[in-house]
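Asks: when you get a sec, could you give me coordinates for this:
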Amino acid sequence: MFYRHGSSNWPLSIFALASAIALNLAPLSSSAVAATAQPTCPGDNHIPTATTTRTVEFHEFGVQVTIPANFRTLLYNDGTVAILHPVDFNLIQCLTLGLPVLGTDALQPESFRLISNPEGLTAQNYAMSLDIPGFALSETIFMQTANGIQVFIREALEQEGMGIGIAYAWYQPDDINGIVEISTATKDELLDLLSRTQLINGASDQI
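Replies: Purely as a prediction, here's the structure:
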């Protein structure tokens, strides 16, 4: 499995993530925030990835995903769901409490999001029509079937700056109106995530 955290290879700022809604986080009162305020973010930055796994259901995407038992899921305001290492999850908690975070400025999550599709494009046509300002997209689109899910894969590379890379996969689940987009930092990570993703069939947990 590919699991990294604290990397600068992801185009999504950690400060943007701080505005997301963390699942399973109880809301804190202003007094609780004040009581926990510290000069920098507390916590262990060397938490190992659990060797055991659990399965989470993403009903809005029609799939279930196997993740390490100590990983967390995070729901953004736009409906995107990220899968996060516990260290990264802790950093986002700190930012939402206003605590400074040192040592990283970006995260590299595995994420799922549902794209509206009013034009009725196929996942393949959507992959072909994709345009990301500031990024060069590969001319090749790969079609692959992973655990019974047909996906179309395309990679993108930032044209300037840090040379950030993104790997995408798109699929169209039954009975869901839209196209699901999966993204990771590299194609290898994407293929690993796809190998752990299945159509929902009695998964153990929900996000």
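
Asks: what's the spacing between I166 and T186?
Replies: Here the criterion is C-beta to C-beta, to the nearest Å. By it, I166 lies 9 Å from T186. Every C-beta, even on glycine, is put in place using the N, C-alpha and C of the backbone.

Asks: more neighbours, the two?
Replies: More crowded of I166 and T186, by other C-beta atoms under 10 Å: I166, with 22 against 16.

Asks: pLDDT score assigned to that one?
Replies: pLDDT, I166: 91.

Asks: now it: which helix or strand?
Replies: If you go by DSSP states H and E, I166 is part of strand 165-171.

Asks: I'd like to know which elements whichever helix or strand comes after that strand is packed against.
Replies: With elements assigned by DSSP H and E, the helix or strand that comes after strand 165-171 is strand 179-184. Counting contacts by 3 or more C-beta pairs under 8 Å, 6 or more residues apart in numbering; DSSP states H and E, strand 179-184 packs against strand 110-115, strand 165-171, helix 187-195.

Asks: got the CA positions of strand 179-184 in PDB?
Replies: This file holds the C-alpha atoms of strand 179-184, laid out as PDB (Å, rounded to 0.1, in the frame of the first residue of the first chain):
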ATOM      1  CA  ILE A 179     -19.100  10.700 -12.700                       C
ATOM      2  CA  VAL A 180     -16.900   9.700  -9.800                       C
ATOM      3  CA  GLU A 181     -13.300  11.100  -9.800                       C
ATOM      4  CA  ILE A 182     -10.500   9.500  -7.800                       C
ATOM      5  CA  SER A 183      -7.200  11.300  -7.400                       C
ATOM      6  CA  THR A 184      -3.800  10.500  -5.900                       C
END
